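[1] Predicted model follows, preceded by the sequence.
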Amino acid sequence: MLSSERIMQRCDQLARHSELPGGLTRVFLSPENRAANELVLGWMREAGMQAKLDAIGNVAGRYEGERPGLPCLMLGSHLDTVRDAGKYDGMLGVVSAIECVDSLHSRNIRLPFALEVIGFGDEEGVRFGTTMLGSRAVAGAFDCNNLQARDPQGKTLETALREFGLDPQKIPQVKRNKGDVLAYAELHIEQGPVLEAEGLPVGVVTAINGFSRLRVTLSGMAGHAGTVPMRLRRDALAAAAECVLMVERVAARDAELVGTVGRIEASPGAINVIPGKVVFTVDVRAPRDELRHSCVSEVRREITALCQRRRILVEIENLQELGVAPCAGWLMAQMDRAVAAEGLRVRRLPSGAGHDGMALKEIADIAMLFVRCKGGVSHNPAESISAEDAEAGAKVLLRFISGFETRG
Ligand code: GLV
Ligand code: MN
Ligand code: MN
């Protein structure tokens, strides 16, 4: 039996593993990440799966089909969080998938394919500034240069993996082959307001918007805040302020575009010193890759021009880029059928947020099911869902799994 109570309780349990007292922050390869992994490994084993931690730090469980070694339907989501996060983004998908396997196992049901559930170690990219390290390794798209990426304390990913007890040399072994994975399906909270506005508990995702991420470093001249006349200043933070507003203006030009400066650091960072250096990030997303590319080019041009005018040196690095990931028609049709079989209206909608399917589409067709969240709020501690919606989501996912037919 599916238990929405257990799904909600498990999300609460995972949320207790946080570096932020009274809130939720759990980054990749942290002690809190280890504790969450232990919980999930235990739940997977209770649900009849063989479960292990893979070389990139994903928790990976497998429930064999009618015979051992069959190709799998892969399910999952991520176990890391943003800073001061809600407790459902990522985690709901992992615990709901385990709940579905448990329901099959408790009824001794084996399917004509295996099921695998993965709790990806890094989707948000908070610690090392590059996202989807876990799912990219599974897709065979892990970039070894990322091993030298550093966290804010200066520790490399390679060192963090070793300290976690993992062997970075073995990351290539995490890769799955195309024929081994029949499809990837992820349940996730919507993180937007559409389902709530239409009074629907679930929705079928059509595609995941692409994103581009930049890191911009502005170098001006630090100086005395009391002595340097305004016209002689090369204030890196004032230049950055113009850049932030420019990103907002450029992205607002098209209703399909969004652009965000989510992180900014000014140094030396004293009340009486003109800021000499600023580093900030830019995140641009769109449902069409050409639109996103043209926005990024414009942002780059404008940053360069305004820094020239202000005599500021500028370096713009491409941190990461992932193109639009369409969900497969044949999987959407099966997900639609699962929704309708639960007596719910079928609503298709795109995803503005990024998800592990963007990486996994390299090895398998992907599908996603969204669950309504309160007020569309996410990446915020106020993120909330109802137990009834968690149940509706898990029931649809279980129907999808039970009725899954390979493309044929
Ligand atoms: C992940 O949550 C993202 O869309 O940034
Ligand atoms: Mn997120
Ligand atoms: Mn997420």
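    Cool, the structure landed. Residues are numbered from 1 along each chain as shown. Ligands and ions are numbered 1, 2, ... in the order given.
[2] Could you list which residues are in contact with Ile208?
    Residues in contact with Ile208 (CB atoms under 8 Å, 6 or more residues apart in numbering) are 324-325, 327, 350-351, 353-355, 357-358, 368. To be clear about C-beta, it is placed using only N, CA and C from the backbone, and glycine gets the same treatment.
[3] from the residues you listed, which ones fall inside strands?
    If you go by DSSP state E, these have 325, 350-351, 368 in strands.
[4] most surrounded residue in these?
    Met368 (27 neighbours; other CB atoms under 10 Å).
[5] Quick check: chain neighbours aside, which residue is closest to that one?
    Val205 (3.6 Å; CB to CB, 6 or more residues apart in numbering).
[6] how about the CA coordinates for stretch 249-265, as PDB?
    Only the C-alpha atoms of stretch 249-265 are listed here, as PDB (Å, rounded to 0.1, in the frame of the first residue of the first chain):
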ATOM      1  CA  ARG A 249      16.000  44.700 -18.400                       C
ATOM      2  CA  VAL A 250      17.300  42.400 -21.200                       C
ATOM      3  CA  ALA A 251      15.500  39.300 -19.800                       C
ATOM      4  CA  ALA A 252      12.300  41.200 -19.400                       C
ATOM      5  CA  ARG A 253      12.200  41.900 -23.100                       C
ATOM      6  CA  ASP A 254      10.700  38.500 -23.900                       C
ATOM      7  CA  ALA A 255       8.000  36.800 -21.800                       C
ATOM      8  CA  GLU A 256       9.700  33.400 -22.400                       C
ATOM      9  CA  LEU A 257      13.000  34.600 -20.900                       C
ATOM     10  CA  VAL A 258      14.200  34.800 -17.300                       C
ATOM     11  CA  GLY A 259      17.500  36.200 -16.100                       C
ATOM     12  CA  THR A 260      18.900  36.300 -12.500                       C
ATOM     13  CA  VAL A 261      22.000  37.600 -10.700                       C
ATOM     14  CA  GLY A 262      21.800  35.200  -7.700                       C
ATOM     15  CA  ARG A 263      25.100  35.700  -6.100                       C
ATOM     16  CA  ILE A 264      27.400  38.700  -5.700                       C
ATOM     17  CA  GLU A 265      30.500  39.300  -3.700                       C
END
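[7] which of the residues in the strand or helix carrying Leu161 are buried?
    Following DSSP states H and E, the helix or strand that holds Leu161 is helix 157-163. For helix 157-163, the neighbour count (16 or more other CB atoms under 10 Å) marks 157-161 as buried.
[8] With stretch 298-313 instead?
    Buried, per 16+ other CB under 10 Å, within stretch 298-313: 298-300, 302-303, 306-307, 310, 312.
[9] Tell me the one of these nearest Arg233?
    Comparing the buried residues of stretch 298-313 against Arg233 with CB to CB places Arg310 closest, at 8.8 Å.
[10] So the closest one sits against Arg234, correct?
    Yes - between Arg310 and Arg234 there is a contact under CB atoms under 8 Å: 6.7 Å.
[11] shared neighbours of these two, anything?
    Contacts common to Arg310 and Arg234, judged by CB under 8 Å, 6+ apart, are Gly220.
[12] tally of neighbours for Ala387?
    Neighbour tally, Ala387, other CB under 10 Å: 13.
[13] actually Val314, sorry about that
    Close neighbours of Val314, defined as other CB under 10 Å, add up to 20.
[14] what pairs with it across the strands?
    With DSSP bridges as the criterion, Val314 is bridged to Leu218.
[15] picking that back up, helix, strand, or coil at the residue nearest to Met368?
    Of the three states, Val205 takes strand under DSSP: H, G, I helix; E, B strand; the rest coil.
[16] mind listing what it touches?
    Val205 touches 327, 332, 348-351, 367-370, counting by CB under 8 Å, 6+ apart.
[17] where does the chain come near ligand 3, residue by residue?
    Selection of the chain residues close to ligand 3 by CB under 5 Å from the ion yields 89-90.
[18] ok, 6 Å please
    78, 89-90, 123, 188, 355 (CB under 6 Å from the ion).
[19] For Leu214, state which of these is nearest.
    Glu123 (19.6 Å).
[20] Which residue, other than its chain neighbours, is closest to the closest one?
    In space, Glu123 is closest to His78, 3.4 Å off (CB to CB, 6+ apart).
[21] what do you get for Met1?
    Closest to Met1 by CB to CB, 6+ apart is Ser103, at 6.5 Å.
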